[in-house]
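K.L.:
here's a sequence, model it:
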Amino acid sequence: MKYMLTLAAGLWLLASCEQTHYGEDRGDTPRIEYVRPTTAAARDSLLVEAAMGATVALIGDGLSGASEVWFNDQKAKLNPTMITNRAVVVEVPGGMPGEVTNMITLRTKKGKEATFPFAVKIPAPRITWMTNLLAPAGATVTLRGNYFFPDANGKIEVLFPGNVKGTVVAFDTQNIRVTIPEGALEGTIAVTSLYGTGRAEFLYGDRTGVFIDGENGAWNGWSLSDFGTEGGYDGSYIKLEGKLGSWAWPDNKIQLLYNLGGKIADIAAADMGDYGLRFEANCLSWSDTPYIFRFGPAGSGNDVDGTPGGQYHWKPWLVEGQNVNWVTDGWETVSLPFSEFVYNKDESVNGLSLSPSDLVELYIMPFGAANGESELKLWLDNLRIVKIK
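P.N.:
Residues are numbered from 1 along each chain as shown. This is a model prediction of the structure:
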């Protein structure tokens, strides 16, 4: 979505500039006259600096042959459709410069060059995700995001709610491996670098909305599923282990049915697209056959044919159209957006949806086309409905 908005803004700007000699290097000497934002609302603003990741427009003349744009000593990625004789729309690179020149350098295919004074602001860390949102103290997880730049001592700090510091095992600009400290509470994680402190875009330890876990089996009215404790992160968990096949009705122990009655969550119809199903998964082996996730009204049971609501067909083993053996690095948090519950059983229909009245029962089973028989070892815990947007 961010890319599409940026592209639309850039195309609007290019449409307002001269577009003759599109993509052609006429051999002119390039000249950058000024730098401006790409949004129409800020069209009269001029920029002398921008943060990493910001999209800006270089305005000048003789720019159609641009082949390289550098901010300090960091090379930007160019999109040929965003270059005209009068403008180049480009994203400020996110890499840490080795040499700070406070200069934009534009080079053409014919070796000519233009420079323009311009500073790049280094943002505070941005923390977008954590591999296991419910990981206990002592567990090592990965924080994902950007701008994880070290301080002068080559370190970075991770502070958990409860004002306790995590032990950083390793990090790069987009990932931090950190061990959760004793005393960590539910709340927001903060990461501090030389360039400021960023707060996570999620809550650590938030169990709001949990309706299925491995400790309380009251939801398991049909006595499906199996349970285990060894290797769990939160006591008992749901253990789905057995054989899979193509369109083969699965063993009871690798199915799951929640049918306690009453709504699992009360969500307005207009807000359904903002929510989803979240849980933790630990997978030791899974390489074929999708898992069907189907919500339905009371009495739906194990029906995957007649319920009107859309299904989610979970296939984490399908990578770029190829089957791989999906094995997680321990327990990982998984989110299935309600907006992607669109299929019928055989995927011949993909325009279905969920309604609030469907959020009464949940049935999970491995079922669908496959290349043959395969082995499943998949553990789940703490299924919950959460707001994901």
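
K.L.:
can you tell me the SS state at Val56?
P.N.:
Counting by DSSP: H, G, I helix; E, B strand; the rest coil, the backbone at Val56 sits in strand.

K.L.:
okay, now it: neighbour count?
P.N.:
A count of neighbours around Val56, defined by other C-beta atoms under 10 Å, yields 22. To be clear about C-beta, it is placed using only N, CA and C from the backbone, and glycine gets the same treatment.

K.L.:
for stretch 96-107, buried residues please.
P.N.:
Neighbour counts using 16 or more other C-beta atoms under 10 Å place Met96, Pro97, Thr101, Ile104, Thr105, Leu106, Arg107 of stretch 96-107 among the buried residues.

K.L.:
just stretch 153-161 next, same as before
P.N.:
Ile156, Glu157, Val158, Leu159, Phe160, Pro161.

K.L.:
next, give phi and psi for Ser357.
P.N.:
Its backbone dihedrals place Ser357 at phi -70, psi -20, with angles given as degrees, to the nearest 10.

K.L.:
mark which of the buried residues of stretch 153-161 are part of strands, please.
P.N.:
Judged by DSSP state E, the buried residues of stretch 153-161 include Glu157, Val158, Leu159, Phe160 as members of strands.

K.L.:
out of these, who's nearest Gly301?
P.N.:
For these, the minimum distance to Gly301 (C-beta to C-beta) is 42.4 Å, reached by Phe160.

K.L.:
got a list of what the closest residue to the closest one other than its chain neighbours touches?
P.N.:
Once its chain neighbours are removed from consideration, Phe160 has its nearest residue in Ala184; the separation is 3.9 Å (C-beta to C-beta, 6 or more residues apart in numbering). For Ala184, the contact set (C-beta atoms under 8 Å, 6 or more residues apart in numbering) comprises Ala137, Phe160, Pro161, Gly162, Val164, Gly166, Tyr204, Gly205.

K.L.:
so where's the protein uncertain?
P.N.:
For the chain, the stretches flagged by pLDDT under 70 are 1-27, 42-43.

K.L.:
the closest residue in space to Pro37 that isn't next to it in sequence in helix, strand or coil?
P.N.:
Sequence neighbours aside, Ser45 is the residue nearest to Pro37 in space, at 5.7 Å (criterion: C-beta to C-beta, 6+ apart). In three-state terms, and counting by three-state DSSP, Ser45 is coil.

K.L.:
so Ser45 is in contact with Thr38, correct?
P.N.:
No: with contact defined as C-beta atoms under 8 Å, Ser45 and Thr38 do not form a contacting pair (10.7 Å).

K.L.:
those two - which one has more neighbours?
P.N.:
The residue with the greater number of neighbours, taking Ser45 and Thr38 and applying other C-beta under 10 Å, is Thr38; the counts read 25 against 10.

K.L.:
what distance do you get for the more buried one to Val56?
P.N.:
Going from Thr38 to Val56 by C-beta to C-beta, to the nearest Å gives 7 Å.

K.L.:
pull up the overlap in contacts between those two.
P.N.:
Counting by C-beta under 8 Å, 6+ apart, the contacts common to Thr38 and Val56 are Val89.

K.L.:
domains of the chain?
P.N.:
As given by automatic domain parsing, the domain ranges for the chain are 2-121, 126-199, 210-387.

K.L.:
hmm, back to that, turn the buried residues of stretch 96-107 into CSV, columns for distance to Leu336 and secondary structure.
P.N.:
Output for the buried residues of stretch 96-107, formatted as CSV (distance: C-beta to C-beta, whole Å; DSSP: H, G, I helix; E, B strand; the rest coil):
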residue, distance to Leu336, secondary structure
Met96, 36, coil
Pro97, 40, coil
Thr101, 47, coil
Ile104, 43, strand
Thr105, 45, strand
Leu106, 44, strand
Arg107, 46, strand
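
K.L.:
fine by me, we can end here.
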